[in-house]
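Participant: here is my input, please return the structure:
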Amino acid sequence: MAHKEVPVESLEFGMFVARLDRPWTETPFVFQGFVLTSEEQLAALKKYCKKVYVDPEKMRVDVAPKLLTLPGSARSVIAEQSNEKVRGTAVYKELATVEDELPRARTAFTQTTAIVQSMSRAVVTGNALDGNRAKQAVTEITDSVVRNPDAMMLLVTMREKAQETLNRATQVSVYMTVFGRFLQLERERLELLGLIGLLQDVGMLKLPAGIPGRRSDLTSAEDEDFKTHVTHGVEILSQTAGLPAELPGLASLHHERYDGSGYPRGLKGSAISQTGAISGIVDTFDMLTAPVPYGMQMPPSNALNVLFQNRGTQFHAALVEQFIQCVGAFPVGSVVELNTGEVGVVITQNLIKRLQPRVMVVQDASGNPIHPYKILDLVKEPKATPDEPYRIRRTLDQTTVKIDSRELFL
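Facilitator: Sure thing, here's the model as predicted:
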C-alpha cells in the first residue's frame, strides 16, 4: 500500500511515520520510520515538518500517547535549547572517497598516536609538552576529516579499543573534529575542537597510580582525586608554549553539565560555551563505549540513548540531537549482520537515508571469510534474492570479526 500524506496537525498516535517532508538528518529523529507514541515526538514533528507520509499497513491501534516523564522545567529547557542555533554555515564537500582517503587518514592517525605517547612521557618526567607538534598533528587529522570524515572514523571504530585514557585521546580528537564538520563550523573551529579532544585529559597523568582513566569502582577519596585531573590539565596546558591562549580554559569544561551538576566549577547553562558542551558530549560518549574499568563498554546505540535521555539536563539538547545524527544509527566501522546472514562492516554513512549505508561484506552466512570483500551500497537496493533487497538485520558486537584496517579495500 502506498504511503499516505498527512498534515502534522492531523496525525494520530499509533500512526507509522515512514517519510518526512525534509531529510531525516535535519531533524532530531534517530531512526527513519517510527510509530508515533509520544507528545514529544509529535511536538518535534510540528516543529520541523508541515506534512509527513504514513504507512497505513503499520498503523497500531493499541498505542496510547506517552507523556514525557521529565518535569515541566526540564521540558521547557529542552524546548529552549532545541530552538537555539548550533549549526554554522561552512560548506564541506567530500573531496575524496573513503577508499582513497584511508591511507592518508591512517598515516595521520598513527603519527598523532605517537605524539600522544611522547606527550605522556614528557608529563611523567616533568618536561614541557610540545604544543606546536600537537597542533601539527591536529591539522593533519582535520585535513583528512575535511576531505572525507568516514575514513578517519573507520580507523577509530575498528582499531582495538585502547584502555588508557591518554591512548584514547586521538579518537576523542577525531570525534570532536568530525562532529564540528557535521555542524558546519569553520575550519579554525575544527582544529580547536581537535586540539581540545587531544589534550583535555592530559592532567590524568598527574593522578595517583592506579586511578588514571578508571571511571568505575572508585572510592569517595579516589573520586575526589580523579576530579583534580581537570585542574592539573589546566596547569599543564597553561605552561605549554605554542597553544591557543583560550585552550586551557576550554579544556576545563568537559565535565561541566548544563544542570550545574558537573565539576570543577558547577557551571550551568549558557555559562558553558558551545565548545565546552561539545566536549562534554563527546567525552561522555567515549567513556560509555570504552572498555571496563575505564568506561562502561556500551554499544554505540546504547551510549547514544544515554545521551538522549539526559539531553536538556546534563547535556545541551540541540547538540545531543545533532551528535546522534552525526554518529548515525549504524556508525562507520560498525559490524552488522545482513538479512542473508552475511556479516559486514559499515564503511560509509548515507546522510539522507541513515539505514542504508555502504557495507563491506567480510563473512558469508556460515562465518567463513570472504576474499575479496564484497561492497554493497544499500541505498541502491542490491538484491539479496530475486524478491528481496539487502538490508541490515542487526548490529553485532565489535569483537565479532577481527579485521586489520590495513586489509580494507585490498
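
Participant: got the residue ranges for the strands in the stretch 201-350 of the chain?
Facilitator: 335-338, 343-348 (DSSP state E, counting those that start in this stretch).

Participant: distance between the shortest one and the chain's centre?
Facilitator: Here the centre of strand 335-338 is set off from its chain's centre by 19 Å, with CA atoms, centre = their mean, to the nearest Å.

Participant: try stretch 331-339
Facilitator: Here stretch 331-339 shows a centroid-to-chain-centroid distance of 16 Å under the convention CA atoms, centre = their mean.

Participant: also stretch 341-352?
Facilitator: For stretch 341-352, the gap between its own C-alpha mean and the chain's C-alpha mean amounts to 16 Å (CA atoms, centre = their mean).

Participant: re earlier: any idea which of the strands of the stretch 201-350 of the chain is most buried?
Facilitator: Of all the strands of the stretch 201-350 of the chain, strand 343-348 carries the top mean neighbour count, a mean of 25, counting by mean count of other CB atoms under 10 Å. Where C-beta positions appear, they are placed from N, C-alpha and C, glycine not excepted.

Participant: now the helix or strand following that strand: mean pLDDT?
Facilitator: Using DSSP states H and E, the next helix or strand after strand 343-348 towards the C-terminus is strand 358-363. Mean pLDDT, taken over the full extent of strand 358-363, equals 92.

Participant: got the angle for strand 358-363 vs strand 343-348?
Facilitator: Computed by axes from the mean of the first three to the mean of the last three CA atoms, to 10 degrees, the angle separating strand 358-363 from strand 343-348 equals 160 degrees.

Participant: parallel or antiparallel, list what pairs with strand 358-363.
Facilitator: Pairing partners of strand 358-363, with direction, according to DSSP bridges: strand 343-348 (antiparallel), strand 369-377 (antiparallel).

Participant: those strands: which one's closest to V336?
Facilitator: Judged by CB to CB, the one of the strands paired with strand 358-363 that comes nearest to V336 is strand 343-348, at 5.7 Å.

Participant: C-alpha coordinates for the closest one, PDB please?
Facilitator: Output for strand 343-348, consisting of C-alpha atoms alone and laid out as PDB, is shown next (Å, rounded to 0.1, in the frame of the first residue of the first chain):
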ATOM      1  CA  VAL A 343      28.500 -10.100   8.200                       C
ATOM      2  CA  GLY A 344      29.800  -6.800   7.100                       C
ATOM      3  CA  VAL A 345      31.400  -3.500   8.200                       C
ATOM      4  CA  VAL A 346      29.800  -0.200   7.600                       C
ATOM      5  CA  ILE A 347      32.300   1.900   5.700                       C
ATOM      6  CA  THR A 348      30.400   5.000   4.600                       C
END
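
Participant: residues near P56, how many?
Facilitator: Using other CB atoms under 10 Å, the number of residues around P56 comes to 12.

Participant: now it: how far from A18?
Facilitator: With distances defined as CB to CB, to the nearest Å, the gap from P56 to A18 amounts to 10 Å.

Participant: what's the closest of the strands paired with strand 358-363 to S252?
Facilitator: Closest of the strands paired with strand 358-363 to S252 is strand 343-348, at 34.8 Å (criterion: CB to CB).

Participant: now do the closest one, average pLDDT.
Facilitator: Mean pLDDT, taken over the full extent of strand 343-348, equals 90.

Participant: now swap in stretch 2-17 and tell me
Facilitator: 85.

Participant: first-to-last residue distance for that stretch?
Facilitator: From the first residue to the last, stretch 2-17 extends over 13 Å; the measure is CA to CA, to the nearest Å.

Participant: quick check: domain ranges of the chain?
Facilitator: The domain map for the chain lists 4-69, 98-326, 335-407, with the assignment taken from automatic domain parsing.

Participant: and those as JSON lines, adding distance to A90?
Facilitator: Conversion of the domains of the chain to JSON lines gives the following (distance: least, CB to CB, whole Å):
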{"stretch": "domain 4-69", "distance to A90": "16"}
{"stretch": "domain 98-326", "distance to A90": "5"}
{"stretch": "domain 335-407", "distance to A90": "16"}
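
Participant: looking at those, which is buried most?
Facilitator: Per-stretch averages of neighbours, counted by mean count of other CB under 10 Å, single out domain 98-326 among those, with a mean of 19.

Participant: got any ranges where the protein has weak pLDDT?
Facilitator: Low-confidence segments of the chain, defined by pLDDT under 70, are located at 1, 25, 30-32, 60-84, 159-167, 210, 212-216, 403-410.
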